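[1] Build me a model:
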Amino acid sequence: MVNELSTEAAVLQVAERLAEAERTGDVAALEQILASDYQGYDPAGRPQDRAAVLRGYGVGRVRMGGLIQSELKARVLGDAAVVAGINALQGHDGPEHFHFRLRFLDVYALRDGRWQLVASQDTLLPG
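    The predicted model follows:
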């Protein structure tokens with residue numbers, strides 16, 4: 001049980017590093033956390049891959065004014081893990097301002113001794 005808890009804590013630490021990289025626009029950290037085969041879906045259901053995410057932050061199109069996580073939970077399943085939670089976000093995507101809350105489900109895989117984000121799904125929450 002102790003090993004499982006420490007593994008869950010390690011996955012949650014990566015999820016928190018991901019949020020910090022998004023908050024600060026740290027493309028180098030995003031490159032480490034996002035797997036080369038990452039595939040995700042934004043709250044509008046649009047697909048996004050690793051290149052699109054890195055490009056958005058790299059050219060400064062996506063700029064976070066705030067990102068607060070809550071209700072974080074991790075479940076480790078061998079060399080895979082699922083992290084769920086709520087993000088409250090505000091910032092800009094190009095000229096458009098955004099301010100919303102979403103529930104997310106992220107899938108991580110243990111590769112070469114480190115956890116990498118391989119898939120994500122975001123669902124917009126009311127209010």
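
[2] helices or strands up against the longest helix seen in the chain?
    Secondary structure of the chain per DSSP state H: the longest helix is helix 2-24. Here helix 2-24 touches helix 27-33, strand 62-77, strand 80-93, strand 96-111, strand 114-125, going by 3 or more Cβ pairs under 8 Å, 6 or more residues apart in numbering; DSSP states H and E. All C-beta spots, glycine's among them, are computed from the backbone N, C-alpha and C.

[3] Quick check: which of the ones you listed is nearest to L54?
    Of all those, helix 27-33 sits nearest to L54, with 6.0 Å by Cβ to Cβ.

[4] I'd like the next helix or strand past the closest one.
    strand 34-41 (DSSP states H and E).

[5] my read: G58 touches A28, true?
    No - the criterion here is Cβ atoms under 8 Å, and G58 misses it with A28 at 10.1 Å.

[6] what about the two, which has more around it?
    G58 (14 against 9; other Cβ atoms under 10 Å).

[7] which residues does that one contact?
    V27 (Cβ atoms under 8 Å, 6 or more residues apart in numbering).

[8] now L30
    Neighbours of L30 in contact, by Cβ under 8 Å, 6+ apart: 18, 21-22, 53-54, 57.

[9] related to what we said a few turns ago, centre of the chain versus the longest helix of the chain, how much separation?
    Here helix 2-24 is found 10 Å from its chain centre; the criterion is Cα atoms, centre = their mean, to the nearest Å.

[10] pLDDT at the residue nearest to R103 when sequence neighbours are not counted, what is it?
    Closest residue in space to R103, ignoring its immediate chain neighbours: T123 at 4.8 Å, by Cβ to Cβ, 6 or more residues apart in numbering. If you check T123, the pLDDT there is 95.
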